[in-house]
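Student: Take this sequence and fold it.
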Amino acid sequence: MNGDNQHPGAGQPDGQWQYTPSSQQQPVNQVPTAMPMPAPQEVQWTASEFVAHNKNASWYGLLALGAVLLAAIIYFITHDTISAGIIVLVALLLGISAARKPRVLHYQVNGGGLAIGEKFYPYAEFKSFSVMQEGAFSSIMFLPLKRFMPPISIYYDPKDEERIVDVLSFYLPMEARAHDLVDSLIKRIRF
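Tutor: Coordinates of the predicted model:
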């Protein structure tokens with residue numbers, strides 16, 4: 001050894017080993033850094049804004065019957081006509097909403113965020129996304145960072161799923177998620 005590496009006790013007052021680089025030592029080769037992966041390209045498609053289930057007259061009849069029964073129970077328990085009236089009003093609004101047909105919207109995911117029709121949502125508004133199976137259909141649910149913002153779901157052609165997920169995975173974490181109780185109820189009543 002050239003005296004570059006000294007072992008314990010050799011000329012050291014406290015007996016500790018110390019490395020002293022020599023002047024002839026070559027600089028350490030740095031490991032080349034990996035080239036950053038290019039961002040995936042944008043994906044555009046058109047799809048229905050939600051899955052529409054056919055509702056016949058018996059579905060609306062059951063909704064009305066359920067609303068009247070629930071309103072009657074609430075009235076007999078509380079003797080409050082306002083509470084009973086609100087239940088009937090909510091059922092009426094639910095029936096009107098159920099009769100609405102879905103629009104076909106233009107969707108786009110790119111480096112900036114998600115565009116649905118004329119609305120744009122930057123990725124910074126979401127904490128993650130999940131691919132949800134809904135029978136024969138799949139959707140992607142975006143979980144928002146804001147507490148009172150509802151999750152946003154988008155539908156797509158199954159052949160586009162891989163490309164859409166590739167773009168989204170570059171900007172947001174993907175999380176496995178199951179349908180919650182409200183989603184299961186809505187699916188069960190075919191809303």
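Student: how about the longest helix along the chain as PDB, C-alpha atoms only?
Tutor: What stands out as the longest helix in the chain, according to DSSP state H, is helix 57-78. Coordinates of the C-alpha atoms in helix 57-78 are reproduced here as PDB (Å, rounded to 0.1, in the frame of the first residue of the first chain):
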ATOM      1  CA  ALA A  57     -93.900   2.100 -16.100                       C
ATOM      2  CA  SER A  58     -93.600  -0.500 -13.300                       C
ATOM      3  CA  TRP A  59     -90.200   1.000 -12.300                       C
ATOM      4  CA  TYR A  60     -91.700   4.400 -11.900                       C
ATOM      5  CA  GLY A  61     -94.800   2.900 -10.200                       C
ATOM      6  CA  LEU A  62     -92.500   1.200  -7.600                       C
ATOM      7  CA  LEU A  63     -90.600   4.500  -7.100                       C
ATOM      8  CA  ALA A  64     -93.900   6.300  -6.400                       C
ATOM      9  CA  LEU A  65     -95.200   3.500  -4.100                       C
ATOM     10  CA  GLY A  66     -92.000   3.500  -2.200                       C
ATOM     11  CA  ALA A  67     -92.000   7.300  -1.800                       C
ATOM     12  CA  VAL A  68     -95.600   7.300  -0.600                       C
ATOM     13  CA  LEU A  69     -95.000   4.500   1.900                       C
ATOM     14  CA  LEU A  70     -91.800   6.100   3.200                       C
ATOM     15  CA  ALA A  71     -93.500   9.500   3.500                       C
ATOM     16  CA  ALA A  72     -96.400   7.900   5.400                       C
ATOM     17  CA  ILE A  73     -94.100   6.200   7.800                       C
ATOM     18  CA  ILE A  74     -92.200   9.400   8.400                       C
ATOM     19  CA  TYR A  75     -95.400  11.300   8.900                       C
ATOM     20  CA  PHE A  76     -96.700   8.800  11.500                       C
ATOM     21  CA  ILE A  77     -93.400   8.900  13.400                       C
ATOM     22  CA  THR A  78     -92.800  12.600  13.400                       C
END
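Student: ok, and for the next helix or strand after that helix, which residues are buried?
Tutor: Next helix or strand after helix 57-78 toward the C-terminus (DSSP states H and E): helix 81-99. The neighbour-count check on helix 81-99 (16 or more other Cβ atoms under 10 Å) flags Ala84, Ile87, Ala91, Leu94, Ala98 as buried. No exception for glycine: its C-beta is placed from N, CA and C like everyone else's.
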